[in-house]
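K.L.:
My questions are about this predicted structure, shown below with the sequence.
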Amino acid sequence: MQVRVVCFLAALLLAAPALAQPAPRPEAPRAQAAEARPPLPDDSITHHTLTLPGRTLHLTATAGSFRLTDAQGRPEADIAFLAYTLDDSDALTRPVAFAVNGGPGAASAWLQLGAMGPWRLALDGPPAPSSPATPVPNAQTWLDFTDLVFIDPPGTGFSRLATDSEEVRRTFYSVDGDIPPLAEVIRRWTVQQGRTASPRLIVGESYGGFRGPRLVRALQSEQGLGVTGLVLVSPVLDFGWPMFDTNPLSLAGLLPSMASVAAEAAGREPDLAAVEQYAATDFIADLLRGRRDAAAVERLTVRVAALTGLDPALVRRRAGRIDLHVFQRARVPGEMASLYDGTVASPDASPDAAWNDQPDAVLDALRAPLTSGMLALYRTLGWQPDGQYQVLNEAVSRAWNWGHGMGRPDSVHQLREALALDPALRVLVAHGRDDLVTPYFTTKLLLAQLPEIGAPDRVRLLVTPGGHMLYLRDASRAALREAARGLVER
């Protein structure tokens, strides 16, 4: 797949236009193109007993939505959520985690049925559209140590815009306009449930990780709610970070992940520290010497071929500059490695074509089981809206407003501000080492640029085996859970 799917950031990582942040959500009256749509069904509240290894959890599940309106009270959007609260717990001290996924255009099903929720999809091996789609009790649920609220932005899951207004669509489908409605839903759920005293966590995956620091700042400054924990899974924190195959920093950020994939394919554990050291020093230095420096190209050829397992002749032709698309197709001839986990591959459907746009072996393979699993879960919870459930909505991705001008959006600025403003805030950033879309080393280099604000362990980086959805591997899902528990119970 040459990043046909925009969701989970892939297309943006490769060819994002020059960007600037759009104007904040306007308060002025808007002309409506049509009458407001009927709201989603009333909330459904059900009670469940979850039998897990070594413990039994009694929980209350609420499937419902919030209708958002403009300053004049005109409907704009219906935001669906799924909330799980542990029975017989103290709401004043019990933490609550609000989770969003990314895309833009991805529902929170990925985190819910993949990592955190009371139920998950039991995948045995690489996913496929025909993989089992019946949710089973999740032994690694986070419900033991925090209540959970999964939120779907408009156009994802069952959430939707409540009007045909083009102005509303442009506002909600934008970098900045996306944040206020999510923050409003968090505030409204918190107040409605009497949870203003509860410690709060924000959990975001992929573009949801980009949302994370911005949500923290919006809650702090606009909604009057503090946040004590921020968990970012496979995030992109800065779209201004170089993302082109001609830029040494971009190639350096990707090299350790390619080396990890090659090592795992060879049946050995990658020496990430050694690869990172090379990527940040001699690798960049030789790239900067340019393609015309024969000695530098030869050094790159030897080292990069050894690390990636690629044919030295190919590496030499590329002057040591191997981007994710070259690696995707060249790692195993006749196969297309997944950009979301380079250790997973599918047969090359167009082996003679110069450009292959086939579905990704991980991302696209998960669409059907996740969708079916969420529909089965909603049926169990007694909440069944009309309309299609959107686990990945490419229309939202295509419509996303990234702005205009020379700038590119980032969330590092908001992360710095949030850390400086609240000394209680702790951050966990988790990456799968085999992720080629959001390479962990790029994030590691970015985090190293943060100023010293408070204790050194306030921002922790967790790198596990696996890809973009690192929680698809049992051990990595367990490691993520324990790291999140440590953030909550510190």
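P.N.:
Arrived safely, thanks for sending. All of these numbers come straight from a predicted model, not from anything done at the bench. Numbers count the residues shown, from 1 in each chain.

K.L.:
chain center to the lengthiest helix in the chain: distance?
P.N.:
In the chain, taking DSSP state H as the definition, the longest helix is helix 248-265. Centre-to-centre, helix 248-265 and its host chain are 20 Å apart (CA atoms, centre = their mean, to the nearest Å).

K.L.:
Past that helix, which element shows up next along the chain?
P.N.:
Moving toward the C-terminus from helix 248-265, the next helix or strand (DSSP states H and E) is helix 272-278.

K.L.:
Average pLDDT for that following helix, rounded please.
P.N.:
Averaged across helix 272-278, the pLDDT comes to 98.

K.L.:
For it, which residues meet the burial criterion?
P.N.:
Going by neighbour count (16 or more other CB atoms under 10 Å), the buried part of helix 272-278 is 272, 275-276, 278. In this view, the C-beta of every residue, glycine as well, is placed from N, C-alpha and C.

K.L.:
which one of those is nearest residue 393?
P.N.:
residue 272 (34.9 Å; CB to CB).

K.L.:
so that closest one sits right up against residue 256, yeah?
P.N.:
Yes - the pair formed by residue 272 and residue 256 meets the contact definition of CB atoms under 8 Å, at 5.6 Å.

K.L.:
re earlier: distance to residue 38 for the buried residues of helix 272-278 - can I get that in a markdown table?
P.N.:
Compiled in a markdown table, those are given as follows (distance: CB to CB, whole Å):
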| residue | distance to residue 38 |
| --- | --- |
| 272 | 53 |
| 275 | 55 |
| 276 | 54 |
| 278 | 59 |
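
K.L.:
Closest to residue 431 out of the residues you listed?
P.N.:
For those, the nearest to residue 431 is residue 272 (11.1 Å; CB to CB).

K.L.:
quick one, what contacts the closest one?
P.N.:
Counting by CB atoms under 8 Å, 6 or more residues apart in numbering, residue 272 makes contact with 256, 259-260, 433, 463.

K.L.:
Identify the farthest-apart pair in these.
P.N.:
259 and 463, at 12.9 Å, using CB to CB across these.

K.L.:
Who has more neighbours out of these two?
P.N.:
residue 259 (25 against 22; other CB atoms under 10 Å).

K.L.:
I'd guessed that one sits against residue 306; true?
P.N.:
No - counting by CB under 8 Å, residue 259 stays clear of residue 306, with 9.0 Å between them.

K.L.:
who does the lengthiest strand in the chain pair up with?
P.N.:
Determined from DSSP state E, the single longest strand within the chain is strand 55-69. If you go by DSSP bridges, strand 55-69 pairs up with strand 44-52 (antiparallel), strand 75-86 (antiparallel).

K.L.:
quick one: average pLDDT of the longest one?
P.N.:
Strand 75-86 shows a mean pLDDT of 97 in the predicted model.

K.L.:
Using PDB, write out the CA atom coordinates for the helix or strand just after it.
P.N.:
For strand 75-86, the succeeding helix or strand toward the C-terminus, using DSSP H and E, is strand 96-100. Taking Å, rounded to 0.1, in the frame of the first residue of the first chain, the C-alpha atoms of strand 96-100 are listed here in PDB:
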ATOM      1  CA  VAL A  96     -11.100   8.400  34.600                       C
ATOM      2  CA  ALA A  97      -9.400   8.100  31.200                       C
ATOM      3  CA  PHE A  98     -10.800   9.700  28.100                       C
ATOM      4  CA  ALA A  99      -9.600   8.000  24.900                       C
ATOM      5  CA  VAL A 100      -9.600   9.100  21.300                       C
END
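
K.L.:
Use 54 as the first number from now on
P.N.:
Taking 54 as the first residue, the last one we looked at is strand 149-153.

K.L.:
so after strand 149-153, what's the next helix or strand?
P.N.:
Past strand 149-153, the next helix or strand by DSSP H and E is helix 162-164.

K.L.:
Now do that next one: which elements does it pack against?
P.N.:
Applying 3 or more CB pairs under 8 Å, 6 or more residues apart in numbering; DSSP states H and E, one finds that helix 162-164 makes contact with strand 253-258, helix 420-434.

K.L.:
got TSV for the contacts of residue 325, with distance to residue 102 and pLDDT too?
P.N.:
Listed next are the contacts of residue 325 as TSV, based on distance: CB to CB, whole Å; pLDDT from 0 to 100:
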residue	distance to residue 102	pLDDT
309	44	98
312	46	98
313	40	98
486	37	98
516	36	98
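
K.L.:
Can you tell me which of these is nearest residue 472?
P.N.:
Out of the contacts of residue 325, the member with the shortest distance to residue 472 (by CB to CB) is residue 516, at 20.9 Å.

K.L.:
Would you mind putting the CA coordinates of the host helix or strand of that closest one into PDB?
P.N.:
Here residue 516 sits within strand 512-517, counting by DSSP H and E. This file holds the C-alpha atoms of strand 512-517, laid out as PDB (Å, rounded to 0.1, in the frame of the first residue of the first chain):
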ATOM      1  CA  VAL A 512       7.900  12.300  30.400                       C
ATOM      2  CA  ARG A 513       8.600   8.600  29.800                       C
ATOM      3  CA  LEU A 514       9.100   6.900  26.400                       C
ATOM      4  CA  LEU A 515       8.100   3.200  26.200                       C
ATOM      5  CA  VAL A 516       9.300   1.200  23.200                       C
ATOM      6  CA  THR A 517       8.000  -2.300  22.700                       C
END
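
K.L.:
from the middle of its chain, how far away would that strand be?
P.N.:
Worked out by CA atoms, centre = their mean, strand 512-517 lies 15 Å from the chain centre.

K.L.:
Report the contact partners of residue 139.
P.N.:
110-112, 147, 196, 200.

K.L.:
which of those residues tops the neighbour count?
P.N.:
In the contacts of residue 139, the most neighbours by other CB under 10 Å go to residue 200, 23 neighbours.

K.L.:
For that one, list each beta-bridge partner.
P.N.:
Bridge pairing for residue 200 - DSSP bridges - gives residue 149.

K.L.:
Now do the contacts for it.
P.N.:
136-139, 142, 147-150, 251.

K.L.:
Domains in this structure, by residue range?
P.N.:
Per automatic domain parsing, the structural domains of the chain span 60-293+419-541, 301-375.

K.L.:
And those domains: which comes nearest residue 407?
P.N.:
Nearest of those (CB to CB): domain 301-375, 14.7 Å.

K.L.:
got the end-to-end distance for the closest one?
P.N.:
Using CA to CA, to the nearest Å, the end-to-end distance of domain 301-375 comes out at 11 Å.

K.L.:
Ok, stretch 437-452 next?
P.N.:
27 Å.

K.L.:
now do stretch 395-412
P.N.:
14 Å.

K.L.:
Mind listing what's buried along it?
P.N.:
Buried residues in stretch 395-412, counted by 16+ other CB under 10 Å: 395-399, 401, 409, 411-412.

K.L.:
what's the average pLDDT for it?
P.N.:
Rounded mean pLDDT across stretch 395-412 is 90.

K.L.:
which other residues reach it?
P.N.:
Under CB under 8 Å, 6+ apart, the answer for stretch 395-412 is 54-55, 57-58, 179, 310-311, 313-314, 317-318, 380-382, 384-385, 387-391, 414-415, 418, 487-489, 520.

K.L.:
ok, of those, which come out buried?
P.N.:
54-55, 58, 179, 310-311, 313-314, 317-318, 380-382, 384, 388-391, 414-415, 418, 487-489, 520.

K.L.:
quick one: which of these sit in helices?
P.N.:
Per DSSP H, those map to helices at 310-311, 313-314, 317-318, 380-382.
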